[in-house]
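K.L.:
Just a sequence and a predicted model for now, questions to come.
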Amino acid sequence: MKVGLGLGSNVGDRLQHLQQARRYLLSLSPEQWHLQSPLYETRPVDCPAGSGPFYNAVLEIEFSGAPRTLLRKIQAYETAHGRDRDRAAGVNAPRTIDIDILYFGGQELLSKDLVIPHPRMDRGTAICAGSPRDDPSRQDYQGYRADGPPVIARVASVGGRG
């Protein structure tokens with residue numbers, strides 16, 4: 001089943017966090033099949049004062065398990081890589097890694113801990129606008145405007161990692 005995943009990081013080496021998460025998520029996909037959006041930098045929205053900007057990307061993988069199985073794997077990965085799920089820290093607290101299930105084939109699921117499609121998918125072009133299947137000239141992620149060209153393009157243009 002084709003699964004869309006939103007990735008974000010705004011703490012530490014954001015690029016490295018997203019690269020590591022991508023490698024992990026690809027390990028869950030048969031033959032590591034995937035589509036990937038460009039990487040964008042977005043300003044923090046509804047985050048505590050002083051929060052740094054996010055790097056965001058969308059990844060589509062093939063996954064053969066159930067949605068809850070994927071959720072458990074994602075949450076275990078996030079926790080192992082420094083994600084603090086303490087509600088006192090706030091929903092939009094800074095994070096080393098954040099991975100959201102955006103869609104899971106055509107399935108719909110509504111429960112306390114998992115909503116598919118992702119709740120922000122109803123914003124029309126919101127999350128989807130950053131997805132690998134959409135117009136690459138669009139620079140939105142979760143309804144927030146990217147603050148410039150794709151990060152990968154900027155990194156490559158200065159001879160950095162990419």
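P.N.:
Looks like it came in fine.

K.L.:
State the mean pLDDT of stretch 99-116.
P.N.:
Averaging pLDDT along stretch 99-116 gives 89.

K.L.:
what sits up against it?
P.N.:
If you take C-beta atoms under 8 Å, 6 or more residues apart in numbering as the criterion, stretch 99-116 is touched by 1-8, 21, 25, 58, 63, 67-68, 70-71, 74, 77-78, 117-118, 121, 127-128, 131. C-beta coordinates here come from the backbone N, C-alpha and C atoms, glycine included.

K.L.:
what's the straight distance from one end of that stretch to the other?
P.N.:
14 Å (C-alpha to C-alpha, to the nearest Å).

K.L.:
And stretch 24-35, by the same measure?
P.N.:
Distance between the two ends of stretch 24-35: 15 Å, counting by C-alpha to C-alpha.

K.L.:
Name the residues that touch it?
P.N.:
In contact with stretch 24-35 (C-beta under 8 Å, 6+ apart) are residues 5, 59-64, 70, 73, 77, 99, 132-133.

K.L.:
what do you get for stretch 10-17?
P.N.:
With C-beta under 8 Å, 6+ apart as the test, stretch 10-17 has contacts from 9, 39, 44, 47, 51-55, 81-82, 94-97, 151, 155, 161.

K.L.:
same check, this time on stretch 60-67
P.N.:
By C-beta under 8 Å, 6+ apart, stretch 60-67 touches 1-5, 25-26, 28-31, 33-36, 70, 101, 104, 107, 109, 114, 116, 131-133.

K.L.:
May I have the predicted confidence score for residue 133?
P.N.:
Per-residue pLDDT puts residue 133 at 47.

K.L.:
same thing with residue 40?
P.N.:
85.

K.L.:
quick one: it and residue 58 touch, right?
P.N.:
No - in this structure residue 40 lies outside contact range of residue 58 using C-beta atoms under 8 Å: 9.5 Å.

K.L.:
show me where the chain has strands.
P.N.:
Using DSSP state E, the strands of the chain run over residues 2-9, 34-36, 40-42, 54-62, 98-104, 109-110, 115-116, 140-141, 144-145.

K.L.:
now those strands as TSV including mean neighbour count?
P.N.:
Listed next are the strands of the chain as TSV, based on neighbours: other C-beta atoms under 10 Å:
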stretch	mean neighbour count
strand 2-9	24
strand 34-36	16
strand 40-42	23
strand 54-62	23
strand 98-104	21
strand 109-110	11
strand 115-116	18
strand 140-141	24
strand 144-145	16
